[in-house]
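S.K.: what's the 3D shape of this:
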Amino acid sequence: MKLLKTSEQLISHMKIKGIKFDIVKEEDAKIFLQNNNYYMKLASYRSNYDKRKSNGEYINLDFAYLQELSTIDMHLRYLILQMCLDVEHALKTKLLKDIEDNPEEDGYDIIRRFVTKYERSCQNIQKHKSSEYCRKLIEKYYPYFPV
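M.R.: Numbering: from 1, shown residues only. As a prediction, the model looks like this:
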């Protein structure tokens, strides 16, 4: 098992691997490693760069490039998360509209059938009964919830 390395030791390790610190200085890289990222995640971006066959060092790889990929990855993750939340909202809105537009559905029966089929969902609702946010709603409607 490998020992935990300090930021200084990680920077030394990267230098041995041929990673340069010309654009981002070592002190700034140290601060970045300590505050903004996990080394293993940052190191995973190295695979996008070529190595010299003779000694295995990276060719023209500056820490700044790894840092930038890390930042792009973070922005992409936030964008995808926001998109997922928007899709979830749109699907819920469409589902509610479809239920509302169905003259054979009263908004209670569909939930009754769901909790009958998936009993654990009712148990999960009961777990939230102690929550200040949900307690009154659960007490008011249990076990006949509106959609």
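
S.K.: list the buried ones in the helix ranked longest in the chain?
M.R.: As assigned by DSSP state H, the longest helix anywhere in the chain is helix 63-100. Within helix 63-100, the residues scored as buried using 16 or more other C-beta atoms under 10 Å are 63, 64, 65, 66, 67, 69, 70, 99. For glycine as for every other residue, the C-beta is placed from the backbone atoms N, C-alpha and C.

S.K.: Pick the one among those closest to residue 144.
M.R.: Within the buried residues of helix 63-100, the smallest distance to residue 144 is 15.4 Å, found for residue 99 (C-beta to C-beta).

S.K.: residues contacting the closest one?
M.R.: Applying C-beta atoms under 8 Å, 6 or more residues apart in numbering, we find residue 99 in contact with 105, 107, 110, 147.

S.K.: One more: residue 19?
M.R.: For residue 19, the contacting residues are 46, 58, 61, 62, 63, 66, taking C-beta under 8 Å, 6+ apart as the criterion.

S.K.: Please report how far it lies from residue 62.
M.R.: Using C-beta to C-beta, to the nearest Å, one obtains 7 Å as the distance from residue 19 to residue 62.

S.K.: For the residue sitting nearest the centre point of the chain, report the pLDDT, please.
M.R.: With distances taken as C-alpha atoms, centre = their mean, the chain has residue 77 as the residue nearest its mean C-alpha position (6.5 Å). According to the model's per-residue confidence, residue 77 sits at a pLDDT of 96.

S.K.: Contacts for the lowest-mean-pLDDT helix or strand in the chain, please.
M.R.: Taking mean pLDDT, DSSP states H and E as the measure, helix 119-127 is the helix or strand of the chain with the lowest mean score, a mean of 84. By C-beta under 8 Å, 6+ apart, the residues outside helix 119-127 that reach it are 114, 115, 138, 142, 143, 145.
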